[in-house]
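Asks: here is the input, now give the coordinates:
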Amino acid sequence: MRHAIQRIGFCALMIAGSALPAPADPLPAGFVRLADVAPSIRQNIRYANADNFLHRKVNGYDAPVCILTREAAEALSRVQRAMATRGLTLVVFDCYRPARAVADMGEWTAAGGPPDPQWYPKVKRGDLIAKGYVGELSSHSRGSTVDVAIAPVDSTPVPKPACGAIDADTLDFGTGFDCFDPMSETAHRPLGAKAAANRKLLVDAMRAGGFKNYAREWWHFALAREPFQKQRFDFPVTAE
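Replies: Below you'll find the predicted structure:
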């Protein structure tokens, strides 16, 4: 009898154990990791390390991972398929950005300091918000905005820009990502012929995919029909 009770208890434990729920994914409903939708898109998430205009990791970036709303990720996947036919690939620098990261950038900017020859060569650090280069709010926190460029699929050497991110191996866009300077305005002139053509290629491809460009930053695109137009999120960027 005792053995029978023990067997019943053991079976009950096994059943209970098998019924335990799997750990919940921290992503809110409607969000995905880009790698699960479009794994061929290169990810070079700058705010998860020190290679950005703050020269340190930004609060809220616990992993160098692109997270987007499902609608934005699927739209970006369609753009990537169009790029692949030309031997090119998209490279994303930032995707969803937690509200805490936006606040971190704002606090860092307000602390002030001199210009930075790589990231903001003509503007004092304390003027970045007033000049519109750093926002007190960001559309990135809605989950359907992406900072993106185009790169060759192969390892063909490309010119390194003097301002902004300089080691992304992208096509020549005249500046690198996060160059806080009038040169980064999408329609800025004068601009070299190759850079102008590459900006047009990117804008046209992203527009065809349903994105609209922010005129002051050639790399900045928001999904025109985003699902969370009035909502900002603050969950951290994580790998799982």
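
Asks: and the spatially most central residue of the chain, what are its phi and psi?
Replies: The chain has residue 94 as the residue nearest its centroid, 1.7 Å off, counting by Cα atoms, centre = their mean. Per-residue torsions, residue 94: phi -160, psi 150 (degrees, to the nearest 10).

Asks: does it have beta-bridge partners, and which?
Replies: Residue 94 has these beta-bridge partners by DSSP bridges: residue 147.

Asks: quick one: it from residue 160, how far?
Replies: Separation of residue 94 from residue 160 (Cβ to Cβ, to the nearest Å): 20 Å. Using the backbone N, CA and C atoms, a C-beta is placed for each residue, glycine as well.

Asks: equivalent analysis for residue 122, please.
Replies: 19 Å.

Asks: go on, residue 213?
Replies: 24 Å.

Asks: which of those two has more neighbours?
Replies: residue 213 (19 against 13; other Cβ atoms under 10 Å).

Asks: for that one, list each beta-bridge partner.
Replies: Beta-bridge partners of residue 213, as defined by DSSP bridges: residue 221.

Asks: that one contacts residue 224, correct?
Replies: No. Using Cβ atoms under 8 Å, residue 213 makes no contact with residue 224, being 10.5 Å away.

Asks: got the residue ranges for the strands in the protein?
Replies: For the chain, the strands defined by DSSP state E cover 31-33, 42-43, 67-69, 88-94, 145-152, 211-213, 220-223.

Asks: for residue 61, which of those is the nearest?
Replies: Nearest of the strands of the chain to residue 61, taken as Cβ to Cβ: strand 88-94 at 9.2 Å.

Asks: what is the mean pLDDT for that closest one?
Replies: Average pLDDT, strand 88-94: 98.

Asks: find the nearest non-adjacent residue to residue 154, please.
Replies: If the residues on either side of it in the chain are set aside, residue 154 comes closest to residue 87, at 7.3 Å by Cβ to Cβ, 6 or more residues apart in numbering.

Asks: could you measure that neighbour against residue 57, distance?
Replies: As for residue 87, its distance to residue 57 is 33 Å (criterion: Cβ to Cβ).

Asks: the two - which one has more neighbours?
Replies: Comparing residue 87 with residue 57 by other Cβ under 10 Å, the one with more neighbours is residue 57, at 18 against 10.

Asks: the more buried one: what's it in contact with?
Replies: Contacts for residue 57 (Cβ atoms under 8 Å, 6 or more residues apart in numbering) come out as 47, 48, 49, 50.

Asks: give me every residue that touches residue 131.
Replies: 123, 180.

Asks: ugh, wrong one, I meant residue 72
Replies: Residues in contact with residue 72 (Cβ under 8 Å, 6+ apart) are 95, 143, 144, 145, 146, 223, 226.

Asks: now the helices: where do they sit in the chain?
Replies: 2-18, 34-37, 70-84, 99-110, 193-208 (DSSP state H).

Asks: return the most buried member of the ones you listed.
Replies: Compared across the helices of the chain, helix 70-84 shows the largest average neighbour count, a mean of 20 (mean count of other Cβ atoms under 10 Å).

Asks: gap between it and the chain center?
Replies: On the basis of Cα atoms, centre = their mean, to the nearest Å, helix 70-84 sits 14 Å off its chain's mean C-alpha point.

Asks: repeat for stretch 161-171
Replies: Relative to its chain's centre, stretch 161-171 lies at 16 Å (Cα atoms, centre = their mean).

Asks: hey, C-alpha coordinates of it in CSV?
Replies: The C-alpha atoms that make up stretch 161-171 are tabulated as CSV, following Å, rounded to 0.1, in the frame of the first residue of the first chain:
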residue,chain,number,x,y,z
PRO,A,161,33.2,58.8,-43.5
ALA,A,162,34.8,61.6,-41.5
CYS,A,163,31.7,62.0,-39.3
GLY,A,164,29.5,59.5,-37.6
ALA,A,165,29.9,55.7,-37.4
ILE,A,166,33.0,54.9,-39.5
ASP,A,167,33.4,51.1,-39.4
ALA,A,168,30.0,49.7,-40.7
ASP,A,169,31.3,48.9,-44.3
THR,A,170,28.3,50.6,-45.8
LEU,A,171,28.0,52.2,-49.2
